[in-house]
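# Can you look at this prediction? I've put the sequence above it.
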Number of protein chains: 4
Amino acid sequence: MPRVVVDVMLKPEILDPQGQAVANALPRLGVSDVSSVRIGRRIEIEFTGEPDLDRAREIADKLLANPVIEDFAIRVADAEDEHP
Amino acid sequence: MPRVVVDVMLKPEILDPQGQAVANALPRLGVSDVSSVRIGRRIEIEFTGEPDLDRAREIADKLLANPVIEDFAIRVADAEDEHP
Amino acid sequence: MPRVVVDVMLKPEILDPQGQAVANALPRLGVSDVSSVRIGRRIEIEFTGEPDLDRAREIADKLLANPVIEDFAIRVADAEDEHP
Amino acid sequence: MPRVVVDVMLKPEILDPQGQAVANALPRLGVSDVSSVRIGRRIEIEFTGEPDLDRAREIADKLLANPVIEDFAIRVADAEDEHP
């Protein structure tokens, strides 16, 4: 099924407390070589026909991301994007 | 900075009401060729040294994903994964 | 403005890795008397007229919560629910 | 079990696209009397002893909320806060 992936992340200058919580929990797992964890959203949009990047951009702009605090990137799904 | 990306999505058989809400809102934007929207999480982990996939997998298993309801995929960030 | 609050939490038997991450991060803040952290969603619905609990329940059922993995509770906002 | 509830909502002036998506999906459910939907987080913190509001505030400040874009409110759980 043709699919578009939209990745939404907080802008780098915006604090991410949930990512920070994960980072702070790592020493208890014995992990000491992680400098940062950031948690965003990944949205998969399936089209009935050809995946439409312009359409996906419009959807992201209006319903998926807040441009004041978030950045997003859009791409047609490739082999690497097989459903996790 | 060496970076690992973890994509976490609800398993396909698990209902995603937030994705459904986005899908249901699309006709009002004039979009009628989207069959499905699924909303998951994208986590970026930065390592101080070499990105460590095994380590990232352990972190995902314990702190990022619930294996009963979610699937995840892990990969070293490539050019496509430039911060959105 | 008349307002309904919907609280959505993972069912108690469903693991919550994000809450677990926060719990695991607490010792580094010097906190040792927390036994559990669970992270859910709080949705505020404003009505143009009288807040309508039946309507809110229908919205929650279809667009806010996944009944397989989540529980939800609905109430009309009171003084305690002033916007945080 | 003594429990503290932390409600985290985006500040009123910050756009909430996920809430907007739910609001936009409502006409398809036949709902026309909702003026706004906002989606935040609800965090339940269980203490081993007495619930500690100061402690909970510190946890919220550092690991649960981003004060630049979010407001939070803290209270000891009461009967209304039975797990949804």
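Nice, thanks for sending it over.

# what comes up buried for the longest strand seen in chain A?
As assigned by DSSP state E, the longest strand anywhere in chain A is strand A:34-47. Neighbour counts over strand A:34-47 (16 or more other Cβ atoms under 10 Å in any protein chain shown) mark A:34, A:36-47 as buried. In this view, the C-beta of every residue, glycine as well, is placed from N, C-alpha and C.

# mind checking pLDDT for A:Leu29?
A:Leu29 is assigned 89 on the pLDDT scale.

# ditto for the one 5 residues further on
According to the prediction, A:Val34 has pLDDT 96.

# ok now do it, which residues does it touch?
A:Val34 makes contact with A:23, A:26, B:45-48, B:55, B:59, according to Cβ atoms under 8 Å, 6 or more residues apart in numbering or on different chains.

# if we go to 10 Å?
By Cβ atoms under 10 Å, 6 or more residues apart in numbering or on different chains, the contact set of A:Val34 is A:22-23, A:26-27, B:4, B:45-48, B:51-52, B:55-56, B:59.

# Just list whatever residues bridge to it.
According to DSSP bridges, the residues that bridge with A:Val34 are B:Phe47.

# what's the average pLDDT for the lengthiest helix in chain A?
Across chain A, the longest stretch assigned as helix under DSSP state H is helix A:17-25. Averaging pLDDT along helix A:17-25 yields 95.

# which of the contacts of A:Val34 are buried?
Buried among the contacts of A:Val34 by 16+ other Cβ under 10 Å: A:22-23, A:26, B:4, B:45-47, B:51-52, B:55-56, B:59.

# on that earlier part again, what's the longest helix of chain A packed up against?
strand A:3-10, strand A:34-47, strand B:34-47, helix B:53-59, helix C:17-25, strand C:34-47 (3 or more Cβ pairs under 10 Å, 6 or more residues apart in numbering or on different chains; DSSP states H and E).

# same thing but 7 Å
Applying 3 or more Cβ pairs under 7 Å, 6 or more residues apart in numbering or on different chains; DSSP states H and E, one finds that helix A:17-25 contacts strand A:34-47, helix C:17-25.

# so the longest strand of chain A versus helix B:17-25, what angle?
40 degrees (axes from the mean of the first three to the mean of the last three Cα atoms, to 10 degrees).

# so what's the nearest residue to A:Met9 once chain neighbours are set aside up against?
Excluding the flanking residues, the one nearest A:Met9 by Cβ to Cβ, 6 or more residues apart in numbering or on different chains is A:Gly40, at 3.7 Å. Contacts for A:Gly40 were tallied using Cβ atoms under 7 Å, 6 or more residues apart in numbering or on different chains; they are A:7-10, B:41-42.

# from those, which is closest to C:Ile14?
C:Ile14 has its nearest neighbour among these in B:Arg41, at 15.9 Å by Cβ to Cβ.

# my guess is the closest one meets A:Ile43, correct?
No: assessed by Cβ atoms under 7 Å, B:Arg41 is found out of contact with A:Ile43, at 10.2 Å.

# Touching the longest helix of chain A from outside, list them.
A:34, A:36-39, B:63-64, C:18, C:21-22, C:24-25, C:28, D:63-66.

# hmm, 8 Å instead?
A:34, A:36-39, B:43, B:59, B:63-64, C:18, C:20-25, C:28-29, D:62-66.

# Just the CA atoms of that helix, as PDB, please.
Output of helix A:17-25 as PDB, limited to C-alpha atoms (Å, rounded to 0.1, in the frame of the first residue of the first chain):
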ATOM      1  CA  PRO A  17      11.000  16.400  29.400                       C
ATOM      2  CA  GLN A  18       9.800  12.900  28.400                       C
ATOM      3  CA  GLY A  19      13.000  12.300  26.500                       C
ATOM      4  CA  GLN A  20      14.900  13.700  29.400                       C
ATOM      5  CA  ALA A  21      13.200  11.200  31.700                       C
ATOM      6  CA  VAL A  22      14.300   8.300  29.500                       C
ATOM      7  CA  ALA A  23      17.900   9.700  29.400                       C
ATOM      8  CA  ASN A  24      17.900  10.100  33.200                       C
ATOM      9  CA  ALA A  25      16.700   6.500  33.600                       C
END
